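K.L.:
Attaching a predicted model along with its sequence, questions to come.
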Amino acid sequence: MLKTLFKKGNTSRLSFFKFSLIGVSTISVGVLSYSYYKKYQWEQSKTELSQQHFVKYKINWRNFIDKDHFLLEVESIKPQKVNSWKENGYKKLWSVEVKQPQIHVVRNYTPLPLKHVNSNENNEDDFSLKVIQDDASDNGKLMFYIKKYDNGEVARWLSKLPIGHELELRGPYIDYEFPLSPEDEIILDTNFLNSKNRGKEIDDKTKYKQFDINFFTGGTGIVTPLQLVLTQDPFKGKIQIIHACNDYKKGLKPLLPLIDKLENQNRLKLHYFEDFRNELKKGKNLNKIIEKPYSFVGFNQINDSDNDDDKIKPIFSLVVGPDGFIENVCGPKFDLHQGPITGFLGKKGWDNDNVFKLS
């Protein structure tokens, strides 16, 4: 009897042990599967541009315009689902951080929705720039227009890296947001930018009255307004650019065909000054170009193209460039604070309600 009970008791305990082991194993597999799934989700999310983490890109192409300026094309190593060009469009000016891991420094750069196309494989300088369009992101391609400064560690580092080198980017960081147009407003076409024809090809007519803006840009700061007009769903008003540079035709040579087409399409008007400080002092041409800010009543007015003219009527000015340039145009910027509007724009009657200083 005791032997029987003993056997029965052992059998019962053994069965219970087997059942428990199977249960624990099943739970463990479930926990591990869930952990791997969450890890997979996390790794997948890290392929998308984010302010929370750095994403790996690689250098596709680089071209030196002169000894100080160069174009740099980068591409995401893993495919991205989010098209930043379509998502931000005319609504937001944005930039990304590029990390220099050796000295633990990051630098913000404003990208352009461009990619290079070689015309001659045997001549690296024989290329053209094409706009990324039709809801595509070309695997997250970004084009940067960069200047090397003596104290610019990141730019000098980027200028020396080999093609194929991996970079770490973080963003996008929104530098400025514009008012939203009505939902039924049209999306302006950008197909003409990749056409060989430089003439006016399309009839731009928005449904509602739009507003125009000024951009005062110094050096590579010109990429900021160009981002607005080259992006998918571009800026719907007109942009007037006051650009300061040492050698306009040389420094902007690869971008000039696109700028030329945008001007012919009446999307923007570019005024450049190779001696901007002297122009600020004398104001011979600048005083004729810049008037007091115009007023804007809102998007509730239907656009009557018959009464529309080509004159740009800016209601707002954005200023981007080196610190000294910003100070001369509209007064210094104090870290995160805009500071009062002084300088040239202050004298012309502009103030903090219609001027914004970008970094």
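P.N.:
Done, it's in.
K.L.:
can you map out the strands along the stretch 201-350 of the chain?
P.N.:
212-218, 239-244, 268-273, 314-320 (DSSP state E, counting those that start in this stretch).
K.L.:
For residue 299, find the nearest of these.
P.N.:
Residue 299 sits nearest to strand 314-320 of all those, at 12.6 Å, using C-beta to C-beta. C-beta here means a position set from N, CA and C on the backbone, and glycine is covered the same way.
K.L.:
Next, the buried residues of stretch 333-343.
P.N.:
333, 341, 343 (16 or more other C-beta atoms under 10 Å).
K.L.:
out of these, which one sits closest to residue 202?
P.N.:
Here the nearest of the buried residues of stretch 333-343 to residue 202, counting by C-beta to C-beta, is residue 341; it sits at 36.8 Å.
K.L.:
neighbours of residue 100, just the number please.
P.N.:
17 (other C-beta atoms under 10 Å).
K.L.:
who's in contact with the nearest residue to it once chain neighbours are set aside?
P.N.:
Among residues not flanking residue 100 along the chain, residue 154 sits closest, at 4.8 Å (C-beta to C-beta, 6 or more residues apart in numbering). Counting by C-beta atoms under 8 Å, 6 or more residues apart in numbering, residue 154 touches 98, 100, 105-107.
K.L.:
now for these, which pair is the farthest apart?
P.N.:
Maximum distance among the contacts of residue 154 (C-beta to C-beta): 9.4 Å, for 98 and 105.
K.L.:
The two: who's more crowded?
P.N.:
residue 98 (26 against 13).
K.L.:
Can you pull the phi/psi pair for the more buried one?
P.N.:
phi -110, psi 130 (degrees, to the nearest 10).
K.L.:
ok, now residue 127?
P.N.:
Main-chain torsions, residue 127, degrees, to the nearest 10: phi -150, psi 170.
K.L.:
and what of the one 4 residues further on?
P.N.:
The phi and psi torsions at residue 131 (degrees, to the nearest 10) take the values phi -80, psi 130.
K.L.:
Tell me if I'm right that it and residue 258 touch.
P.N.:
Yes - using C-beta atoms under 8 Å, residue 131 is in contact with residue 258, at 7.3 Å.
K.L.:
so what sits against both of these two?
P.N.:
Shared contacts of residue 131 and residue 258, defined by C-beta under 8 Å, 6+ apart, are found at 193, 230.
K.L.:
Touching the host helix or strand of residue 146 from outside, list them.
P.N.:
Assigned by DSSP states H and E, residue 146 falls within strand 142-147. For strand 142-147, the surrounding residues in contact (C-beta under 8 Å, 6+ apart) are 57, 68-75, 96, 109-116, 129, 155, 158-159, 169, 219-220, 222-223, 255.
K.L.:
same check, this time on stretch 94-108
P.N.:
Applying C-beta under 8 Å, 6+ apart, the external contacts of stretch 94-108 come out as 49, 54, 84, 88, 109-111, 142, 152-155, 157-158, 167-175, 227, 359.
K.L.:
Which among these count as buried?
P.N.:
Buried among those by 16+ other C-beta under 10 Å: 49, 54, 84, 88, 109-111, 142, 154-155, 157-158, 167, 169-172, 175, 227.
K.L.:
Could you break the chain into its assigned domains?
P.N.:
48-177, 208-359 (automatic domain parsing).
K.L.:
In a markdown table: these, plus mean pLDDT and distance to residue 186.
P.N.:
Listed next are these as a markdown table, based on pLDDT from 0 to 100; distance: least, C-beta to C-beta, whole Å:
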| stretch | mean pLDDT | distance to residue 186 |
| --- | --- | --- |
| domain 48-177 | 93 | 12 |
| domain 208-359 | 93 | 8 |
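K.L.:
who wins for proximity to residue 195 among these?
P.N.:
Of the domains of the chain, nearest to residue 195 by C-beta to C-beta is domain 208-359, at 7.8 Å.
K.L.:
Tell me which of the contacts of strand 142-147 fall in helices.
P.N.:
Among the contacts of strand 142-147, the subset assigned to helices under DSSP state H consists of 155, 158-159, 223.
K.L.:
In the residues you listed, find the pair that's most separated.
P.N.:
Maximum pairwise distance among the ones in helices among the contacts of strand 142-147 (C-beta to C-beta): 16.7 Å, between 159 and 223.
K.L.:
Between those two, which is the more surrounded one?
P.N.:
Neighbour comparison, residue 159 and residue 223: the larger count goes to residue 223, with 22 against 18 (by other C-beta under 10 Å).
K.L.:
tell me the helices in the stretch 1-150 of the chain, going along the chain?
P.N.:
In the stretch 1-150 of the chain, helices defined by DSSP state H, counting those that start in this stretch lie at 2-45, 84-88, listed in chain order.
K.L.:
which stretch in those has the least confidence?
P.N.:
Mean pLDDT is lowest for helix 2-45 among the helices of the stretch 1-150 of the chain, at a mean of 46.
K.L.:
Brilliant, that's me finished.
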